[in-house]
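A.B. asks: Have a look at this prediction, sequence included:
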Amino acid sequence: MATHLLLMSSHIRDFNMSSTKILVVDDDAESRGLICEVLEANGYIVGAVEDGVAARQALKLDGEYRIVIADLRMPNESGLDLMRNLRKQKDKQDIAMILMSSFIGASERKFAQELGVHAMLEKPFRLSELIQVVGELANKNPIGITP
């Protein structure tokens, strides 16, 4: 399914390129790579790191990221810890945040909402769902993949 979606989007991506820069944070290299590939195929500029500590460093070095997509459970710093740290920084207040996990408990969901997480995706999620959420946050209509 993912390969088919990538092929569909690659045919039209040049018509409506987005300058929205997205940081993908996931300790699973395969998931991180697939998400990056799909986002890039849909015209986004994408960076990727393996945990929250590396994400904070990437965001410190590059202030152009507008959306962070982070896994909930990662070594060194969880997605929620990353979100909490970013919310404390005045220059990071406008970054849209998407949290993903194979299981999001009620207390984690509540805490994420309190931190202002814009969306929570439970794995496995459809790539079209991710593109739709990212498109809404980037004020861009999704292209190439229909929900």
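C.D. replies: It's in.
A.B. asks: Would you mind identifying the next helix or strand past the helix or strand encompassing Met83?
C.D. replies: Met83 is located in helix 79-87, with elements delineated by DSSP states H and E. Downstream of helix 79-87, the next assigned helix or strand under DSSP H and E is strand 96-101.
A.B. asks: Would you map the helices across this structure?
C.D. replies: In the chain, the helices defined using DSSP state H lie at 2-10, 29-41, 52-61, 79-87, 106-115, 127-137.
A.B. asks: The fourth one packs against which elements?
C.D. replies: Okay, so that is helix 79-87. When contacts are defined as 3 or more C-beta pairs under 8 Å, 6 or more residues apart in numbering; DSSP states H and E, helix 79-87 packs onto helix 52-61, strand 65-71, strand 96-101, helix 106-115. (Each C-beta comes from the backbone N, C-alpha and C, glycine too.)
A.B. asks: Put together a markdown table for the ones you listed, with mean pLDDT and distance to Gly135 on each row.
C.D. replies: Compiled in a markdown table, the helices and strands packed on helix 79-87 are given as follows (pLDDT from 0 to 100; distance: least, C-beta to C-beta, whole Å):
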| stretch | mean pLDDT | distance to Gly135 |
| --- | --- | --- |
| helix 52-61 | 95 | 22 |
| strand 65-71 | 96 | 10 |
| strand 96-101 | 93 | 12 |
| helix 106-115 | 88 | 21 |
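A.B. asks: between those, which gets nearest to Leu80?
C.D. replies: helix 106-115 (6.1 Å; C-beta to C-beta).
A.B. asks: how far out from the middle of the chain is the closest one?
C.D. replies: Its chain's C-alpha centre and that of helix 106-115 lie 17 Å apart, by C-alpha atoms, centre = their mean, to the nearest Å.
A.B. asks: contacting residues around Ile98?
C.D. replies: For Ile98, the contacting residues are 67-70, 117-121, 130, 133-134, 137, by C-beta atoms under 8 Å, 6 or more residues apart in numbering.
A.B. asks: Apply 6 Å and report the result again.
C.D. replies: Ile98 sits next to Ile69, Ala119 when contact means C-beta atoms under 6 Å, 6 or more residues apart in numbering.
A.B. asks: For Asp94, see how far away Met74 is.
C.D. replies: Relative to Asp94, Met74 is positioned 23 Å away (C-beta to C-beta, to the nearest Å).
A.B. asks: Great, nothing more from me.
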